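Colleague: Just a sequence and a predicted model for now, questions to come.
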Protein chains: 2
Amino acid sequence: MTKRKYVYDWPRPAVTVDMALFTVAGALNQLRLEVLLIQRDEEPFRGRWALPGGFVQEHEDLHAAAARELAEETGLREVILEQVGAVGTPGRDPRGHTITVVWAGLVPGDRAVLKASGDARAAKWFDVIALPKLAFDHDVILRLALSHLRHRLAEAPVCFELLPSSFTLSELQAVTEAILGRQLDRRNFRRKVQELGLVEPSEGTRQEGAHRPAQLYRFVPGAFERYRGKERSLPF
Amino acid sequence: MTKRKYVYDWPRPAVTVDMALFTVAGALNQLRLEVLLIQRDEEPFRGRWALPGGFVQEHEDLHAAAARELAEETGLREVILEQVGAVGTPGRDPRGHTITVVWAGLVPGDRAVLKASGDARAAKWFDVIALPKLAFDHDVILRLALSHLRHRLAEAPVCFELLPSSFTLSELQAVTEAILGRQLDRRNFRRKVQELGLVEPSEGTRQEGAHRPAQLYRFVPGAFERYRGKERSLPF
DNA sequence: GGCTATTAGTGTTATTCTCACACTAATACT
DNA sequence: AGTATTAGTGTGAGAATAACACTAATAGCC
């Protein structure tokens, strides 16, 4: 622990992390985008649904705090979380002034074995178009996170986390569409992901139902980073 | 003030705001990108140069805190600040665990009448390619802010804040180039800003030196918002 | 007055990206 | 053999982007 030479101690806002985790669910041709909510078991807003989250402890990294709270409240581990930003409007938390750092992430449906604990009475996936009334200003925060996610995903369809290691292009497209909330042209989609080198054919095919089997693909490790890295390196 | 029903009181990280303000300086054809630094007059890092910033007070909005600290330390007011993100790596502040919310902004050179006060011994603009050693992790934060700014500016050249109400297209281009750190084609640049409807000719011309006078332009209020608003509205 | 230096201002073309669009292939089921 | 279903493929029009060079207007100098 760092030796603190210059202490300071006065009333200060608290810091929390809030996580907006998304997944997709339902039939391939009718995937829904769902967000993970917990039912609060503590005041304030006891019984209300809310984004998982909690206080950042002293000497804890923000990202680590997000991962810890997520694991505590929902049992989910090793989720890739991306920072969305900080929100600190006074009055957003009745307990006192609280600044929250918002994170967004994607988790596959099959890892979604949720174990509510900690401050959470229950943890459940909700369709984003049919949400209950949320605690705090979590409706605003959720919108922020979703918008962030959609901007990121519009760059390239990298929904790694939502798919098994081997998947068909139709699956990738269905998932992308579910998150973006709009349909995409199949041929353009396939051409794009292949030209970008984001995926490569893996062995085997998958067939479900009475139709032509689909080629399986896998993500090319690091391809997205390489693709994004092309944004010219800055002189400074 | 909100009545606090559910108090909580345990060791918690502090919250600061840090502002990376940029301006451009120098001859039109050789503009430098400069960042505003203050010389700390307090421990820790007394005497070191740092980004202006300071603690968020209880019940203070994050944006308001940023504006207040900026005014206190440098005398600058009514600067447009955009949130970059939050950084809270443990150990980044020797006084204890501190989470900082980073803001970026642009200010015109002529408003750059800096009055150092508060925790600041001095306030000065520095060329971003010739920076002194900075306090805390402000080198990392500055890089973050600059990268944010460049991404935003690559969308459209909206350097409103850096130019007088009336300006020539050459000036606008020079400023844009200084921030992006690369040259742009003059014809393509002029065509683009005009087609996007971001600027409109204003009255008069400006002439400096032995050459053809330049048409003056002004920004069209709200044009950028309208332009960005085109990003399809989301169903959710 | 004419020459020079300097910045302002303008169009075209090749290339790349985006988007809309329709048919054939392979399979299971009857 | 026929039907239903999803997988898989190419092309062309239009838009955006990027590269490129000359003329226009002025001040200063001779």
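Modeller: Looks like it arrived, so ask away.
Colleague: show me where chain A has strands.
Modeller: Using DSSP state E, the strands of chain A run over residues A:14-25, A:32-40, A:49-50, A:53-55, A:81-87, A:98-106, A:120-127, A:199-206, A:214-219.
Colleague: contacts for the helix or strand bottoming out on mean pLDDT in chain A?
Modeller: Least confident element among the helices and strands of chain A, by mean pLDDT, DSSP states H and E: helix A:223-229 (a mean of 72). Applying Cβ atoms under 8 Å, 6 or more residues apart in numbering or on different chains, the external contacts of helix A:223-229 come out as A:155, A:156, A:158, A:196, A:197, A:198, A:199. (Glycine included, C-beta is placed from N, CA and C.)
Colleague: which non-adjacent residue is nearest the fifth one?
Modeller: Take residue A:197 and drop its neighbours on the chain: the residue closest to it by Cβ to Cβ, 6 or more residues apart in numbering or on different chains is residue A:223, 5.3 Å away.
Colleague: what's the burial count for the one you found?
Modeller: The number of residues packed near residue A:223 is 17, by other Cβ atoms under 10 Å in any protein chain shown.
Colleague: before we move on, what about residue A:25?
Modeller: For residue A:25, the neighbour count with other Cβ under 10 Å is 14.
Colleague: from memory it sits against residue A:126, does it?
Modeller: No: between residue A:25 and residue A:126 there is no contact under Cβ atoms under 8 Å: 10.3 Å.
Colleague: okay, and the common contacts of those two?
Modeller: Listed contacts common to residue A:25 and residue A:126 are residue A:34; contacts here mean Cβ under 8 Å, 6+ apart.
Colleague: Now stretch A:46-61: buried residues?
Modeller: By neighbour count with 16 or more other Cβ atoms under 10 Å in any protein chain shown, stretch A:46-61 contains the buried residues A:48, A:49, A:50, A:51, A:52, A:53, A:54, A:55, A:56, A:57, A:60, A:61.
Colleague: Present these as a markdown table; the columns should include distance to DNA strand D and pLDDT.
Modeller: Output for those, formatted as a markdown table (distance: Cβ to the nearest atom of the strand, whole Å; pLDDT from 0 to 100):
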| residue | distance to DNA strand D | pLDDT |
| --- | --- | --- |
| A:48 | 39 | 97 |
| A:49 | 33 | 98 |
| A:50 | 37 | 98 |
| A:51 | 33 | 98 |
| A:52 | 33 | 97 |
| A:53 | 37 | 96 |
| A:54 | 41 | 96 |
| A:55 | 44 | 95 |
| A:56 | 40 | 96 |
| A:57 | 45 | 94 |
| A:60 | 42 | 97 |
| A:61 | 38 | 98 |
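Colleague: Closest one of these to residue A:164?
Modeller: Top of the list for closeness to residue A:164, among the buried residues of stretch A:46-61 and by Cβ to Cβ, is residue A:52 at 24.3 Å.
Colleague: Could you check the pLDDT of the nearest residue to that closest one once chain neighbours are set aside?
Modeller: Nearest residue to residue A:52 in three dimensions, chain neighbours excluded: residue A:73, at 4.5 Å (Cβ to Cβ, 6+ apart). What the model reports as pLDDT for residue A:73 is 94.
Colleague: what's the neighbour count on residue A:73?
Modeller: By the criterion of other Cβ under 10 Å, residue A:73 has 26 neighbours.
Colleague: Same question for residue A:62.
Modeller: Close neighbours of residue A:62, defined as other Cβ under 10 Å, add up to 23.
Colleague: cool, and the one 5 residues further on?
Modeller: When neighbours are counted by other Cβ under 10 Å, residue A:67 registers 21.
Colleague: quick one: the least confident helix or strand of chain A near DNA strand C?
Modeller: No: judged by Cβ under 7 Å from any atom of the strand, helix A:223-229 and DNA strand C are separated, with a smallest distance of 11.5 Å.
Colleague: Would you mark the buried spots in that helix?
Modeller: A:223, A:224, A:227.
Colleague: nearest to DNA strand C, of those?
Modeller: DNA strand C lies nearest to residue A:227 out of the buried residues of helix A:223-229, by Cβ to the nearest atom of the strand, at 11.5 Å.
Colleague: Please report how far that closest one lies from residue A:202.
Modeller: For residue A:227, the distance to residue A:202 (Cβ to Cβ, to the nearest Å) stands at 20 Å.
Colleague: give the contact list for residue A:183.
Modeller: With Cβ under 8 Å, 6+ apart, residue A:183 has these contacts: residue A:177.
Colleague: Distance check, it against chain B.
Modeller: Here residue A:183 is placed at a distance of 11 Å from chain B (Cβ to the nearest Cβ, to the nearest Å).
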